[in-house]
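Novice: Structure for this input, please:
(one chain, ligands or ions: 1)
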Amino acid sequence: MIESPAVSSVANAPQRDSAYQTALTQFDRAAQILNLETGLYEILRAPRRELIVNFPVKMDNGEVRRFTGYRVHHNTARGPTKGGIRYAPHVDLDEVRALAMWMTWKCAIVNIPYGGAKGGVVVDPKQLSLCELERLTRRYTTEITPFISPEGDIPAPDMGTNPQVMAWIMDTYSMHRGYSVPAVVTGKPVNIGGSAGRFEATGRGIMFTVREAYRTFSWRFENIALAVQGFGNVGSITAQTAYEMGCRVIAVSDVSGGVYNPRGLDIPRLRRFVKEHGSVSSFPDGDRITNQELLALQCDVLVPAAMENQITAANAAQVRARVVAEGANGPTTPAADEILLEHNVLVIPDILCNAGGVVVSYFEWVQSLQQLFWEEEDVTHRLERIMVRSFHDVYELALRMDLDLRTAALVLGVGRVAEATRTRGLYP
Ligand code: NAD
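Specialist: Numbers count the residues shown, from 1 in each chain. Next comes the predicted model:
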């Protein structure tokens, strides 16, 4: 087991469950280990630019509603910024700042030439009609146009957004320019220049990383039991990939609850069911469980793939998995990290584990810029190579410096960004 002696200082800190506080606490720890000079510490700790937009959207009933959106660029030392756009009722500036910062470290860990960004709109997309969602997306895109471009900042899907939303963003941006600009966004549908394998990338990347961890520790991978919280893009593809790799997915959940079957769920059937019924919770071939019960299930791998702050000081001691593979961003608080470490649970951190999405987004961007398209097999093979290499980069650093995997990943990511900043020098 990889242990981190220095983590204990976090446990004494007050319990704070904001994603931004989590991100800052994690950064401070890496900065301390790297012994970052004060100026660089100050620069890397703060977002480079933040945009808040308030904009009107005409609803189907003729009423005009005001919405608020954000786009944050955290850091540009290693390249243009990259990061998803989230549509959720709880989004605020701090959440977007946290997610943008995590994107910076993530891109550096997998060594792709990007800085970190994130965007969000305060909205429950399920409450809007398709036409309202399109009008909202087009107006938000127009409002953030000064911030996005193929050379400067490239959005992608995140919670509550999907390839169709990316298509509207690409179309709106292209209309302003007067010609098609497919490289302004990734996660687009394949028929307008998206990449084969992008939709599946995050979930596949998670399972490549989990399998590599099992190989590295010489643990038996065949028929392992997984529990997956969240059944959107990330959760459903993680479950599907695990199923195809011969694992048993014993439980999945979404916002309305979960389903449990110790013999293993038929994931292709469950995905068809969700398409028809909208939720996993009434799937007939299993017992109903709550999200909290899912997190506490006896299993080999727990994949939180819904949202932040799911494993906290309040429930971390109940986690009975051998491995927590973080599909969501920020699902585990620093205090929970400490408890999981004490209980010998291996946490594969978000900034490594779920990086497959941004890796294939990078492939998509390269293809869009060149108007040249790769086969899905090629995409997935390259993805696997990067995930395996990145796992070992992090693991070997963890061994060398006697750190847990999260701290090692942060030290690797923050260290690479710090190095790029030093190399570029200070303007003016
Ligand atoms: P999504 O909108 O496709 O799916 C989210 C899922 O979580 C849905 O099944 C939803 O019902 C469920 N959910 C929402 N609130 C919940 C709650 N309170 N309890 C339990 N389940 C809940 O979103 P996604 O793209 O799959 O993203 C999920 C997470 O993965 C987010 O943290 C996101 O930032 C992260 N992530 C996404 C990508 C990507 O490529 N889409 C890449 C890296 C990380």
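
Novice: Name the next helix or strand downstream of the longest helix seen in the chain, please.
Specialist: Of all segments of type helix in the chain, defined using DSSP state H, the longest is helix 376-401. Next helix or strand after helix 376-401 toward the C-terminus (DSSP states H and E): helix 405-424.

Novice: any idea of the angle that next one forms with helix 376-401?
Specialist: 100 degrees (axes from the mean of the first three to the mean of the last three C-alpha atoms, to 10 degrees).

Novice: Pull the distance from helix 405-424 to the chain's centre.
Specialist: Relative to its parent chain, helix 405-424 has a centroid offset of 19 Å by C-alpha atoms, centre = their mean, to the nearest Å.

Novice: Check which helices and strands it sits against.
Specialist: Secondary-structure packing of helix 405-424 (3 or more C-beta pairs under 8 Å, 6 or more residues apart in numbering; DSSP states H and E): helix 19-34, helix 38-45, helix 93-109, strand 346-348, helix 350-353, helix 376-401. Glycine gets a C-beta too; all of them are placed from N, C-alpha and C.

Novice: could I get these as CSV with mean neighbour count, distance to the ligand and mean pLDDT?
Specialist: Below are the helices and strands packed on helix 405-424 laid out as CSV (neighbours: other C-beta atoms under 10 Å; distance: least, C-beta to the nearest ligand atom, whole Å; pLDDT from 0 to 100):
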stretch, mean neighbour count, distance to the ligand, mean pLDDT
helix 19-34, 20, 10, 97
helix 38-45, 15, 21, 98
helix 93-109, 26, 7, 98
strand 346-348, 23, 13, 98
helix 350-353, 29, 7, 98
helix 376-401, 17, 12, 98
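
Novice: Mind jotting down where the strands sit in this structure?
Specialist: Remark: strands assigned in the chain by DSSP state E are 49-58, 64-75, 81-88, 115-122, 153-157, 225-229, 248-254, 257-260, 287-289, 301-304, 323-325, 346-348.

Novice: show me the contacts for the residue lying closest to Thr81 once chain neighbours are set aside.
Specialist: Closest residue to Thr81 apart from its sequence neighbours, by C-beta to C-beta, 6 or more residues apart in numbering: Ala117 at 3.5 Å. By C-beta atoms under 8 Å, 6 or more residues apart in numbering, the contact list for Ala117 reads Arg71, Val72, His73, His74, Thr81, Lys82, Gly83, Ala100, Met103, Asp153, Pro155.

Novice: how many neighbours does the first one have?
Specialist: The tally of other residues near Arg71 (other C-beta atoms under 10 Å) stands at 27.

Novice: ditto for the fifth one
Specialist: Thr81 has 28 neighbours, counted by other C-beta under 10 Å.

Novice: likewise the second one?
Specialist: Neighbour count of Val72, defined by other C-beta under 10 Å: 29.

Novice: what's the spacing between it and Asn344?
Specialist: Here the distance between Val72 and Asn344 works out to 36 Å (C-beta to C-beta, to the nearest Å).

Novice: what does the third one give?
Specialist: Relative to Asn344, His73 is positioned 39 Å away (C-beta to C-beta).

Novice: higher neighbour count, the two?
Specialist: His73 (26 against 9).

Novice: residues contacting the more buried one?
Specialist: Pro47, Arg48, Arg49, Glu50, Thr81, Ala100, Gly115, Gly116, Ala117, Phe147, Asp153.

Novice: Weed out the non-buried ones from those.
Specialist: Among those, those buried by neighbour count (16 or more other C-beta atoms under 10 Å) are Pro47, Arg48, Glu50, Thr81, Ala100, Gly115, Gly116, Ala117, Phe147, Asp153.

Novice: can you tell me which residues contact the residue of the chain found nearest the ligand?
Specialist: Nearest residue of the chain to the ligand (C-beta to the nearest ligand atom) works out as Gly232 at 1.7 Å. Contacts for Gly232 (C-beta under 8 Å, 6+ apart) come out as Met159, Asp254, Ala305, Ala306.

Novice: so which two of these are the farthest from each other?
Specialist: The two members of the contacts of Gly232 with the most space between them (C-beta to C-beta) are Met159 and Asp254, at 11.9 Å.

Novice: My guess is Met387 contacts Thr209. True?
Specialist: Yes. Contact criterion C-beta atoms under 8 Å: Met387 and Thr209 qualify, at 5.2 Å.

Novice: Quick one, grab the pLDDT at Ile2.
Specialist: On the pLDDT scale, Ile2 is placed at 42.

Novice: who in this structure is up against the ligand?
Specialist: Neighbours of the ligand within the chain, by C-beta under 6 Å from any ligand atom: 157-160, 202, 229-235, 253-255, 291, 305-307, 327-329, 354, 357.

Novice: Skipping its backbone neighbours, what lies nearest the residue nearest to the spatial centre of the chain in space?
Specialist: Against the mean C-alpha coordinate of the chain, by C-alpha atoms, centre = their mean, the closest residue is Asn329 at 4.6 Å. Excluding the flanking residues, the one nearest Asn329 by C-beta to C-beta, 6+ apart is Asp350, at 5.0 Å.

Novice: and if you look at Ala321?
Specialist: Closest to Ala321 by C-beta to C-beta, 6+ apart is Leu302, at 3.8 Å.

Novice: Can you report how many residues lie near Pro428?
Specialist: So Pro428, with other C-beta under 10 Å, has 2 neighbours.

Novice: switch to numbering from 54
Specialist: Taking 54 as the first residue, the last one we looked at is Pro481.

Novice: Next up, the contacts around it.
Specialist: Counting by C-beta under 8 Å, 6+ apart, Pro481 has no contacts.

Novice: Also Val149?
Specialist: Tyr123, Arg124, Val125, Arg139, Lys171, Gly172, Gly173 are the contacts of Val149 under C-beta under 8 Å, 6+ apart.

Novice: Okay, and the beta partners of the third one?
Specialist: Val125 has the following beta-bridge partners by DSSP bridges: Glu103, Lys171.

Novice: So for it, what's the pLDDT?
Specialist: The model's pLDDT for Val125 equals 99.

Novice: do you know how far Arg469 is from Cys406?
Specialist: Taking C-beta to C-beta, one finds Arg469 at 18 Å from Cys406.

Novice: same check, this time on Leu422
Specialist: 28 Å.

Novice: same question, Lys171
Specialist: 18 Å.

Novice: related to what we said a few turns ago, intersection of neighbour lists for Met440 and Thr262?
Specialist: Shared contacts of Met440 and Thr262, counting by C-beta under 8 Å, 6+ apart, come down to Gly409.
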